[in-house]
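1. quick one, fold the following:
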Amino acid sequence: GDEAPKYPHLIGLPVTTRPLFPGVLSSVTLTDQPTIEALERLQGNGYVGVFLRKDSPSGVSENGLVLDAPELITDPDELYKVGTFAQIHRIQRGVGFGTGASSLHAHPTRQEWKNLSKSGGGGVNGNNGEGDTSDASDGDGSFSDGEEDDDDGDGGDDATPASVLLYTHRRLNLESVRNLGPPIDVTVSHWDRLRHNPDGDSKLDDTLRALTNEVLSTIRDVAQLNPLFREHMQFFPNRIDPSDPFRLADFVAAVSSGKPDELQAVLEERDAEMRLHKAL
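-> Coordinates of the predicted model:
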């Protein structure tokens, strides 16, 4: 959301399966214990930079082996250069969707949305991911001190994986990897809010309107055939905004089953018309 800070240094969190798009709750499963412990210390008031793995975006290596800990890298080039700034909402040991897999969190509770709104997370009214925010360049979102939360009593089991629930705010550029960790320490720059037609081009408006209608028609058709998709729409109604092609494209990509590299292309696209085309 607009009120989220702009930290230049963060813990970097590699993911597989799909990139995370701004404005939705997403779950990521972790197995690396130093990374889990670092995120547990940040729970409630910490942020991370989430980046799709470039070398094994599906979570499977070139020789066909499943990555045991996708959140670990040995080379900065293993990550795509555009990712997402995400707030750590909750982390819980012993649950997950498979190692390193990112997944749309389809069942946020009312309390989760309420807590996000109180903490400046933006809730369901988050912007298109490129918000105008105050520059917190003196801050650091990666290693702030926080209290560990062991409400469920499972925090003491150091051998178990963990599922971290993230609320994503805006896009990031990966400027450098300062330390491979674990946890990974990265330097980032934040995207500013994008305008879909800054010059007021009427032809572009007509094109965007036609594409928007096509996207909305597709959403309606899929919703009639897919109960799970209808459920996603119930939890994220404000993401379907015909007046904001950036937000609309992000929503479609976030709930689609596209290939990792195709979804990454949507994440990286700065042009509204092209982003809609890529999301279809």
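
2. run through the helices of the stretch 51-200 of the chain in chain order.
-> In the stretch 51-200 of the chain, the segments counted as helices under DSSP state H, counting those that start in this stretch are 110-118.

3. low-confidence ranges, it, go.
-> 61-65, 95-159 (pLDDT under 70).

4. which residue ranges form the strands in it?
-> 82-93, 102-104, 162-179, 184-190 (DSSP state E, counting those that start in this stretch).

5. got the CA positions of the first one in CSV?
-> If I follow you right, that is strand 82-93. Extracted in CSV, the C-alpha atoms of strand 82-93 (Å, rounded to 0.1, in the frame of the first residue of the first chain):
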residue,chain,number,x,y,z
VAL,A,82,12.3,-7.7,-10.6
GLY,A,83,10.5,-8.9,-7.5
THR,A,84,8.0,-7.8,-4.8
PHE,A,85,8.2,-5.9,-1.5
ALA,A,86,6.2,-8.0,1.0
GLN,A,87,5.2,-7.6,4.6
ILE,A,88,5.6,-10.7,6.9
HIS,A,89,2.1,-11.1,8.3
ARG,A,90,2.4,-14.5,9.9
ILE,A,91,4.8,-17.5,10.0
GLN,A,92,3.9,-20.9,11.2
ARG,A,93,6.0,-24.1,11.5
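
6. so Thr29 belongs to a helix, correct?
-> No: Thr29 is assigned strand when assessed by DSSP: H, G, I helix; E, B strand; the rest coil, not a helix.

7. quick one, what contacts the spatially most central residue of the chain?
-> Per C-alpha atoms, centre = their mean, the C-alpha nearest to the average position across the chain is that of Leu20, at 2.9 Å. Leu20 is in contact with Ser26, Val28, Val50, Gly83, Thr84, Ala86, Ser102, Leu166, Thr168, Ala254, counting by C-beta atoms under 8 Å, 6 or more residues apart in numbering. C-betas here are computed from N, CA, C, even on glycine.

8. not including adjacent chain positions, what is the nearest residue to the fourth one?
-> With sequence-adjacent residues excluded and distances taken as C-beta to C-beta, 6 or more residues apart in numbering, Gly83 is closest to Phe51, at 3.7 Å.

9. number of residues surrounding the one you found?
-> For Phe51, the neighbour count with other C-beta atoms under 10 Å is 29.

10. average model confidence for stretch 4-21?
-> Averaging pLDDT along stretch 4-21 gives 93.
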